[in-house]
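Chemist: Sharing a model prediction with you, sequence too.
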Amino acid sequence: LAKTTQPISMDSYEGQEVNITCSHNNIATNDYITWYQQFPSQGPRFIIQGYKTKVTNEVASLFIPADRKSSTLSLPRVSLSDTAVYYCLVGEGPGNTGKLIFGQGTTLQVKP
Amino acid sequence: EAQVTQNPRYLITVTGKKLTVTCSQNMNHEYMSWYRQDPGLGLRQIYYSMNVEVTDKGDVPEGYKVSRKEKRNFPLILESPSPNQTSLYFCASSTDRGRDTEAFFGQGTRLTVV
């Protein structure tokens, strides 16, 4: 699976838009880009997944440039409850072996 | 409601006393996995199963056993727990759609071995 690089931590304030960028220079042609959110002592939760261009759902947007070597998770108008660790994963998804490779993730701290 | 259920949520045990952590999913998923999460080491896969009676080792299988007799259940067995198995454990399940699937995780089991 392609290695990913994310900032270790980010701070934001309530109501702001937060953008977390993930670098994945060695992404393979068939790889999807997936983001998970994890609160302390809880299991990771799927946020969004994409292959190219832009994907939007009810909680986030995912921007993927044409070369797919990076991606940006965008959280609109964050609240205190968005404080969590965000993981960017690149690969074939969990299907073949169920294995997801989580890096260190980005710890987002939302302040009032 | 679609969910992965682990039990117990918290467990303190003594070295060498066999224990089982149960995992059940109600989404008819083919794939199930166990992970452990440790500070500084992230989430690491212990064992996985692609379907009933099909299991295989992940990255850190030593000291653990699993079984998949039914599609919905995937228990994690520690035959002789040791203190280095003190960790936060997560069970996960996913469908057999390959690349574009998402994994669903349980609430976690915090195990302490003294």
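Modeler: Yep, it's here.

Chemist: Just the closest residue of chain A to chain B, please.
Modeler: For chain A, the residue closest to chain B is A:G43, as judged by Cβ to the nearest Cβ, at 2.8 Å. For every residue, glycine as well, the C-beta is placed using N, CA and C.

Chemist: Spatially nearest residue to that residue, not counting backbone neighbours?
Modeler: For A:G43, ignoring the flanking residues on the chain, the nearest one in space by Cβ to Cβ, 6 or more residues apart in numbering or on different chains is B:F105 at 2.8 Å.

Chemist: Identify the bridge partners of the one you found.
Modeler: Legend: beta-bridge partners of B:F105 under DSSP bridges are B:A92.

Chemist: Check which helices and strands the top strand by length along chain B is in contact with.
Modeler: Taking DSSP state E as the assignment, the strand of chain B that covers the most residues is strand B:42-51. Packing partners of strand B:42-51 (3 or more Cβ pairs under 8 Å, 6 or more residues apart in numbering or on different chains; DSSP states H and E): strand B:31-38, strand B:54-57, strand B:65-66.

Chemist: looking at those, which is closest to chain A?
Modeler: Smallest distance to chain A across these (Cβ to the nearest Cβ): 3.8 Å, for strand B:31-38.

Chemist: Tell me which of the helices and strands packed on strand B:42-51 is the most buried.
Modeler: strand B:31-38 (a mean of 24; mean count of other Cβ atoms under 10 Å in any protein chain shown).

Chemist: Alpha carbons of that one, as CSV, please.
Modeler: Extracted C-alpha coordinates of strand B:31-38, given in CSV (Å, rounded to 0.1, in the frame of the first residue of the first chain):
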residue,chain,number,x,y,z
TYR,B,31,-14.3,-9.8,5.7
MET,B,32,-13.5,-9.5,9.3
SER,B,33,-10.3,-8.4,11.0
TRP,B,34,-8.8,-7.8,14.4
TYR,B,35,-6.5,-4.8,15.1
ARG,B,36,-4.6,-3.7,18.2
GLN,B,37,-3.8,-0.1,18.8
ASP,B,38,-0.9,1.0,20.9
